[in-house]
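Student: prediction below, plus the sequence it came from.
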Amino acid sequence: MINKIVAIQGNHPSKLNSLTDTSIFLANEIQKKNYKIFYYEPKNLSIINSEVIAKGFFVKFNYNKKNFYKIIKNKNLNLKKSKFILIRQDPPFNLEYISTTYILDKIKNNVKIINNPTSIRNISEKLYSAKYQKFMPSTIFTRNIDEIKKFLKNQKKIILKPIHSFGGNDIYLVSKFNSRLIKKFIKKHGHIMCQKFLSKIHKGDKRIFIINGKIVGAISRIPKKGSFLSNLSKGGKAINTKITSLEKKISKKIAYDLKNEKIFFAGIDFIDQKLNGDINVTSPTGLKTLYDLSRINLAKKFWKELKA
C-alpha cells in the first residue's frame, strides 16, 4: 500500500509567506486527512541507484502558531513512496528547473505529480499563450530590436516582459524607444514578450483558477497607486471579483486544452477581459488569498479532484 505522503518540491518553508502561500494552504488541508507532508528543495533531488531520492524533511504546518511550520524528521526519501508530488518552486524556468522535470519523469507513472513534469517542460507559460493571440492585446515574441522598435511605433506604449520570469519581476513600461535599455534587456533575457499597454490595468487584473479542466474561482488584483503592476508581491491588493461571460468562454477553451496537456492546476490572467499572456502552470498562486476574501476553499476542491 502506498504511504499517505505528499511530497512538495519548493522553496524552503522559511522563505514562504504563510499568510498568502498556496503550497502551505494545500498542505494544511491534506494534513486534515492524516497525510504526512515531506518537503524538499529542488537542489536536493537526485537519481541514486536508479531510484529518485529527495533529501528533505517531514514537516507539520499550523496556521495558529507564530512559527507556522515544525520540522518533524530529516529524511532521504524514495519519492516512489509518496502518493502525490507537488511541484511548487517558483520560476525562473531555467536549465535547473528543466533538469528536475526530467528526474521526476522517471516516476510519473508511479506517483501522481502535479503538474505533470513533462507538461510543465513543454508549456512555456508565456509562449504557450501564443496559441490564443486572438484573445490578447497586440503582442509579439522576439529578440529582434528592429521588430521591437516597429512595434513600439505602432502601439505608442508597450510592456516588456521576460518569457521565463514570474511575480512581476523585470517588467518595463516603455513609451519612448531606448536602444540601450532594450539591448540590455534582451541580453539578460533572450526572447521577450512585447505587449500593447492596457491603461485599464489601474482597475486591476484578474486571476482565474483552473483545477482539473474546470473553472473554479477568481480574484482581482489592484495595483498600488502609481504602479502598473498588480502582483501581490509588488504591493497589489486583492479583491473579490466575478468572471465575465467573455472571460469564461476564453478560460473554458484554455482549460480544455490544458487538461489534454495533463495540466491539473493552472492560473489564467486577464486585463480588461483580454488574456494578458500569463498562463501559470509551474506554481500557480492565489488560493489562500481567495479563501481569505471569500471563504471559498479551493484546497478542498484540489484534493477532492485528485481523490486524495
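Tutor: It's in.

Student: which elements pack onto the helix-or-strand element of the chain with minimal mean pLDDT?
Tutor: None of the helices or strands of the chain scores lower by mean pLDDT, DSSP states H and E than helix 125-128, at a mean of 89. Counting contacts by 3 or more Cβ pairs under 8 Å, 6 or more residues apart in numbering; DSSP states H and E, helix 125-128 packs against strand 274-280. Just so you know, the C-beta spots here come from the backbone N, C-alpha and C atoms, and that holds for glycine as well.

Student: list the strands paired with the strand it packs on, with their directions.
Tutor: strand 265-271 (antiparallel) (DSSP bridges).

Student: with only the CA atoms kept, save the strand it pairs with in PDB.
Tutor: The C-alpha trace of strand 265-271 is given here as PDB (Å, rounded to 0.1, in the frame of the first residue of the first chain):
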ATOM      1  CA  PHE A 265      -3.700  23.100 -11.800                       C
ATOM      2  CA  ALA A 266      -3.300  26.500 -13.500                       C
ATOM      3  CA  GLY A 267      -4.000  30.200 -13.200                       C
ATOM      4  CA  ILE A 268      -5.000  32.300 -16.200                       C
ATOM      5  CA  ASP A 269      -4.600  36.100 -16.100                       C
ATOM      6  CA  PHE A 270      -6.800  38.800 -17.700                       C
ATOM      7  CA  ILE A 271      -6.700  42.600 -18.000                       C
END
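
Student: three-state assignment of residue 41?
Tutor: strand (DSSP: H, G, I helix; E, B strand; the rest coil).

Student: if we can go back for a sec, pull out the buried positions in the least confident helix or strand of the chain.
Tutor: Neighbour counts over helix 125-128 (16 or more other Cβ atoms under 10 Å) mark 125, 126, 128 as buried.

Student: got it, and stretch 169-181?
Tutor: If you call a residue buried by 16+ other Cβ under 10 Å, then stretch 169-181 has these buried ones: 171, 174.

Student: span of that stretch from start to end?
Tutor: Start and end residues of stretch 169-181 are separated by 16 Å (Cα to Cα, to the nearest Å).

Student: check stretch 157-177 too.
Tutor: Separation of the first and last residues of stretch 157-177 by Cα to Cα is 10 Å.

Student: hmm, who's touching that stretch?
Tutor: Under the contact criterion Cβ atoms under 8 Å, 6 or more residues apart in numbering, stretch 157-177 has outside partners 90-94, 124-127, 141, 148-149, 151-153, 156, 181-182, 185, 188-197, 228-231, 233-234, 277, 282-283.

Student: distance between the helix or strand encompassing residue 26 and the chain's centre?
Tutor: Secondary structure from DSSP states H and E places residue 26 in helix 22-31. Relative to the chain's own centre, helix 22-31 is displaced by 16 Å; criterion: Cα atoms, centre = their mean, to the nearest Å.

Student: residue 307: neighbour count?
Tutor: A count of nearby residues for residue 307, using other Cβ atoms under 10 Å, gives 6.

Student: surely it forms part of a strand?
Tutor: No - read with three-state DSSP, residue 307 is coil and lies in no strand.

Student: find me the pLDDT at it, would you?
Tutor: At residue 307, the model reports a pLDDT of 91.

Student: would you mind measuring from it to residue 264?
Tutor: According to Cβ to Cβ, to the nearest Å, residue 307 stands 12 Å off from residue 264.

Student: cool, and residue 51?
Tutor: For residue 51, the distance to residue 264 - Cβ to Cβ - is 25 Å.
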